[in-house]
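J.: structure for this input, please:
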Amino acid sequence: MADDLFKALADPTRRTILDELTERSGQTLFEICSRLSMKHQLGISRQAVSQHLAVLEAAGLIETRREGRYKFHDLNTAPLRRIAERWLVPDTSGPEKSTP
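T.: Model prediction:
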């Protein structure tokens, strides 16, 4: 699972998609493509965006839901929290003292 997560985060376009979903979760493919084109000047096809979304979904970073003929993409930050917690070491030494 961690390999899929790091692979998904390695691509700058996928990170931009995640930024857009952070700003407004629950977007359709059309909305995501529009925002990438207008806001980020990314000339990327719908098919390429769809493939990026598939990688993000495989990594668990987005979840999809269907409502009628529309498919919405929602951000899921749980995998990021699990990775961060993996390497965070509890500090048992007390408050750190700054050195001059």
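
J.: which helix or strand lies directly C-terminal to the strand or helix carrying Asp19?
T.: Assigned by DSSP states H and E, Asp19 belongs to helix 12-23. The first helix or strand that comes after helix 12-23 along the chain, using DSSP H and E, is helix 29-40.

J.: pLDDT value on the residue nearest in space to the middle of the chain, please?
T.: Nearest to the mean C-alpha position of the chain, counting by Cα atoms, centre = their mean, stands Leu18 at 3.5 Å. For Leu18, the pLDDT comes out at 97.

J.: report the distance from the helix holding Asp19 to the chain centre.
T.: Between the centre of helix 12-23 and the centre of its chain there are 6 Å (Cα atoms, centre = their mean, to the nearest Å).

J.: same for it, what does it pack against?
T.: Judged by 3 or more Cβ pairs under 8 Å, 6 or more residues apart in numbering; DSSP states H and E, helix 12-23 is in contact with helix 29-40, helix 46-58, strand 70-75. Yep, even glycine has a C-beta here, placed from its N, CA and C like the rest.

J.: what's the closest of these to Lys7?
T.: helix 46-58 (6.9 Å; Cβ to Cβ).

J.: next one: the closest one to chain centre, how far?
T.: 11 Å.

J.: surely the residue nearest to the centre of the chain touches Val55?
T.: No - Leu18 is beyond contact range of Val55, at 11.2 Å (criterion: Cβ atoms under 8 Å).
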